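below is the sequence, then the predicted model.
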Protein chains: 2
Amino acid sequence: MTGNSLDNNIVKKIKELKNNSGTHSPSVDTIMKECPELVINIDACFLSNPYATDLFMKFLHEDLIDNNRLRDVLEFYPPQNREIAKYISKAINVDQKKIFVGNGAIEIIQGILHNFVQNKICIISPTFSSYYEFVKDGIDIVYFPLLKEEKYLLDPKKYVEFVKKEKPDTIVIINPNNPNGGYLKQEDFFYIISNLDEVNNIIIDESFIHFAYEDIELSQITSEELTDKYSNLIIVKSMSKDFGIAGLRAGYAVMNSEKIDVLLRSGYLWNVSGLTNYFFKVYSEKTFIEKYNVERKKYIMNTSMFLDELKNIKGINVYPSKANFALIEIENGMTSFEFTLDLLVNHGIYVRDCSDKIGLDGEFVRIASRTVEENLQIIKAIKEIICV
Amino acid sequence: MTGNSLDNNIVKKIKELKNNSGTHSPSVDTIMKECPELVINIDACFLSNPYATDLFMKFLHEDLIDNNRLRDVLEFYPPQNREIAKYISKAINVDQKKIFVGNGAIEIIQGILHNFVQNKICIISPTFSSYYEFVKDGIDIVYFPLLKEEKYLLDPKKYVEFVKKEKPDTIVIINPNNPNGGYLKQEDFFYIISNLDEVNNIIIDESFIHFAYEDIELSQITSEELTDKYSNLIIVKSMSKDFGIAGLRAGYAVMNSEKIDVLLRSGYLWNVSGLTNYFFKVYSEKTFIEKYNVERKKYIMNTSMFLDELKNIKGINVYPSKANFALIEIENGMTSFEFTLDLLVNHGIYVRDCSDKIGLDGEFVRIASRTVEENLQIIKAIKEIICV
């Protein structure tokens, strides 16, 4: 088989896999199963801190594998939602009655959209597609567009005006936003929530908040405790990204206890695995969290350097991000598909082609920050592709 | 502390834990956390084949742990629902478009009840509580009562007459039924489905079907392939019981592909873990299934002997079961709570007090079959309690 026919074959397969995955990317596992001729070395589509995975694996080995306790976790039913919420309550210092445990944030998003949205939802564009895809039939969706000329950053004043005019019962903000990483400062966030009392559900997805910072200490930011003051606030939190455990499926949400009761009455029995229960137990332990914060800060600094390096490459435009990824625009004439395919086939690097994202006008890809060594390889590969 | 005050303390805690768990039992993990003074040696509340757990752990060690591949499974996103369905399709020989992968059968039950029940659902009583608890507000529930004088067995003719009169759009049968293990023969099952064309959703929960048998070869029974002929049939299948992996969270359902499309459009993205994906991969492999069937048959024979031994104990009445558990009625004057507490505190054996089960009139407990050695201990303990 010549190089050319291999390429054509792969192009076809990748397009097919992408079509089958809807508005998400096929997993590396799926791609490698369908295209065994491909060697993928770096998954920079996947938005997670690999150093946190290392740390969790260390705890898992010591607690469950080295002493043969893994079987117990796999054999028996996990505790119920309210039991696991106790661990999270200890970790984040929020009343356990206000905590819902989810099989990944995605299950929580589905539950919130199906149970609490009444007539109209306001979604920022571009954003994570599930927030509009899972909305039930008959619900109005109105999009607040982030603008290229504003670097896809959210203008709090314009946003509040828009919401007041459109009168949705539910609004969604991802902070930092996916796919661009744009960050809304705490000051601007307070401005929004304190001016939107009339909105029944203010959903704030903080799945990437552990990568954001406002001070040089890189202190952790969260709005979870504000749910005491603002009963319309719903904080959604994936653990996949910051703790590097997407395969485990773990997330939680903080909201008023009446909403938690509604969710638990409608199901969500044994909705997370025994291993996820084990993760939340570890998450509530000071010894783990102290070590995690060291890894978190190391990764933020690594990411910051990576984004700076990307900004120095001519031919791509990097949008402002305080997440662990960057949205970049290809400005050398290549399409985002051509760029993504070149990275995949010739460099073994998998990144997210954003051509299916609503609200992005141009040739965009999203690239995750990985380990220091992997980030250097990504920079090198992009330079080779772009600077020919 | 005297034995007496310890008992009072435990009685209080167990009652509290039970109340907090709704119509389910607190897990052994939860009990041991809240009552560290208790030693629980045997979990006979938990309905699973421990020999199948052994087998799965052996595969897991060889494939993922011994060669350090567990990290990949925990770090990266699992494949999407339709990808994992391919493994199940291979295992059960049903078109992948008709297979929905669930985070345990319980997620599937929730999804089916919320998406497909329109006005009225017919539920057998007694049965697994989620089937009536998760039904949405505004839906009529009608109960078809199993009768003590009929040994809690389902009479197919009476049932069909009842459904034709009540005209529900959805009916649910668990076969074998939980909590009594009553089994509906294939012949009787055909009679029911072939006479109820007018019912939109015939939900058959086959979570315990691997323990049932109709021939001396103990051949595996299933109605999954009948979904081709009967498009109103929905087969729900937990993997927790027969494969002994409740902590993993794995289940699937077979139904017509239009219904699968409705479910997947409303969410269920990355709804099972990387380890569950690994389980389904193994499930599709002949080498695993051949070994599994040996363990399955061994466990059925072990269970059959256990049920016979139980039947020989005077002072309890054992109802007919073709599942891996028995519903027993305490006839020596003790309440089911007293009996359960005595087994737990004085013998370290945890069984299911059925006093909260709708449709059971008397003092009932449900006891699972465990390993040969554990079953002997259970028999010995019950004799000590009952035959004083």
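Good, I have the coordinates.

helix or strand with the lowest mean pLDDT in chain A?
Ranked by mean pLDDT, DSSP states H and E, the weakest helix or strand in chain A is helix A:3-20, scoring a mean of 74.

elements contacting that helix?
If you count contacts as 3 or more Cβ pairs under 8 Å, 6 or more residues apart in numbering or on different chains; DSSP states H and E, helix A:3-20 packs onto helix A:28-34, helix A:336-347. To be clear about C-beta, it is placed using only N, CA and C from the backbone, and glycine gets the same treatment.

need these in JSON lines (columns: mean pLDDT).
Output for the helices and strands packed on helix A:3-20, formatted as JSON lines (pLDDT from 0 to 100):
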{"stretch": "helix A:28-34", "mean pLDDT": "83"}
{"stretch": "helix A:336-347", "mean pLDDT": "93"}
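
centroid-nearest residue for chain A?
A:Ser207 (5.1 Å; Cα atoms, centre = their mean).

was I right about it contacting A:Ala105?
Yes: shown here, A:Ser207 and A:Ala105 form a contact pair, counting by Cβ atoms under 8 Å, at 5.6 Å.

common neighbours of these two, please.
A:Val236, A:Lys237, A:Ser238, A:Ser240, A:Gly251 (Cβ atoms under 8 Å, 6 or more residues apart in numbering or on different chains).

how about the nearest residue to the last one, chain neighbours excluded?
Ranked by Cβ to Cβ, 6 or more residues apart in numbering or on different chains and with sequence neighbours excluded, the top spatial neighbour of A:Gly251 is A:Ala105, at 3.7 Å.

for chain B, find the nearest of the helices and strands packed on helix A:3-20.
The closest of the helices and strands packed on helix A:3-20 to chain B is helix A:28-34. By Cβ to the nearest Cβ, the value is 5.0 Å.

could you pull out the buried residues of that closest one?
A:Val28, A:Asp29, A:Thr30, A:Ile31, A:Glu34 (16 or more other Cβ atoms under 10 Å in any protein chain shown).

adding distance to B:Phe46 as columns, could you present the residues you listed in JSON lines?
Formatted as JSON lines, the buried residues of helix A:28-34 follow (distance: Cβ to Cβ, whole Å):
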{"residue": "A:Val28", "distance to B:Phe46": "36"}
{"residue": "A:Asp29", "distance to B:Phe46": "31"}
{"residue": "A:Thr30", "distance to B:Phe46": "34"}
{"residue": "A:Ile31", "distance to B:Phe46": "38"}
{"residue": "A:Glu34", "distance to B:Phe46": "38"}
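
near chain B, from those residues?
Restricting these to those within reach of chain B (Cβ under 8 Å from any Cβ of the partner chain) leaves A:Val28, A:Asp29, A:Thr30.

quick check: closest non-adjacent residue to the last one.
This points to A:Thr30. B:Pro79 (5.0 Å).

now for that neighbour, how many residues are close by?
By other Cβ atoms under 10 Å in any protein chain shown, the residues close to B:Pro79 number 25.

I'd say A:Val199 and A:Val172 touch.
No: using Cβ under 8 Å, A:Val199 makes no contact with A:Val172, being 10.6 Å away.

higher neighbour count, the two?
A:Val172 (25 against 21).

you'd agree the more buried one is in a strand?
Yes: counting by DSSP: H, G, I helix; E, B strand; the rest coil, A:Val172 is located in a strand.

excluding covalently adjacent residues, which one is nearest to it?
Per Cβ to Cβ, 6+ apart, closest to A:Val172 is A:Ile203, 4.5 Å.

measure the closest residue to chain B within the stretch 101-250 of chain A to A:Asn81 for me?
Across the stretch 101-250 of chain A, no residue is closer to chain B than A:Gly247, which sits at 3.0 Å (Cβ to the nearest Cβ). According to Cβ to Cβ, to the nearest Å, A:Gly247 and A:Asn81 sit 21 Å apart.

of the two, who's got more company?
Higher neighbour count among A:Gly247 and A:Asn81: A:Gly247, with 27 against 21, using other Cβ under 10 Å.
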